[in-house]
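Undergrad: Turn this into a model:
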Amino acid sequence: MKTWQKWALGGAVLIMLLVLLHKPLQRLALNTMIKVVGNDVETVSPHELLAMKEAVLLDTRTDAEYAVSHIGGARKVGYEDFRVEQVKDIDIETPIIVYCSLGARSKEIGKKLQAAGYEEVYNLRGGIFRWIDEGFPVKDENGQLTTKVHPYNWFWGLFAVAGEKSYEP
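TA: Residues are numbered from 1 along each chain as shown. This next block holds a predicted model:
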């Protein structure tokens, strides 16, 4: 069997396992990916976020992701088009929590904020996927509660345990 065929077979087996063991395997995969993303920026859990009353919450996802669902009170700053000037109105001593789907994009934005002098920057551990998995609410583009979550793409969608996956608001 050729190498590419082995990889294809392995991928097919992985996908079948994900389908068969859906939720337990997804949670394992989510927790593993959280560790892979790393913690170059200090992380906070969803419960810790709730206790940080003065913190500013920044959503680093795309417009489409934000429109489908976001954490209430979050300010969309994006990833590809992020500029520190977007947050110049936030005092450098104010705690800032960044998030994305899982934590990789928000970690990069967090590092940019730290480099710009922001003193308390945190990454939401597990991103919006973990937030929804732990039962916390999200809102759509109209500010209404929703159960939808934008998975970013098919690969990252494998780690979205809870919520209805949707690319449309």
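
Undergrad: Which helix or which strand is home to the residue nearest the centre of the chain?
TA: In the chain, the residue lying closest to the centroid (C-alpha atoms, centre = their mean) is residue 101, at 2.2 Å. Mapping residue 101 onto the secondary structure by DSSP states H and E places it in no helix or strand at all.

Undergrad: And for residue 129?
TA: Assigned by DSSP H and E, residue 129 belongs to helix 127-133.

Undergrad: Now that we're looking at the residue nearest to the centre of the chain, what pLDDT does it have?
TA: The model reports residue 101 with a pLDDT of 95.

Undergrad: Kindly report the same for the one 4 residues further on.
TA: Residue 105 carries a pLDDT value of 94.

Undergrad: Does it touch residue 59 like I think?
TA: No - between residue 105 and residue 59 there is no contact under C-beta atoms under 8 Å: 10.1 Å. All C-beta atoms are positioned from the backbone trio N, CA, C, and that covers glycine.

Undergrad: quick one: contacts for the residue nearest to the centre of the chain?
TA: By C-beta atoms under 8 Å, 6 or more residues apart in numbering, the contact list for residue 101 reads 61, 65, 127-129, 150-152, 156, 159-160.

Undergrad: which other residues reach the helix or strand in which residue 106 is found?
TA: Residue 106 belongs to helix 104-115 when elements are defined using DSSP H and E. With C-beta under 8 Å, 6+ apart as the test, helix 104-115 has contacts from 37-41, 58, 60-61, 77, 79, 82, 84, 87, 96, 98-100, 121-124, 127.

Undergrad: repeat for stretch 92-100
TA: 41, 44, 49, 52, 54-61, 71, 74, 79, 87, 90, 106-107, 109-110, 113, 117-124, 127-128, 131.
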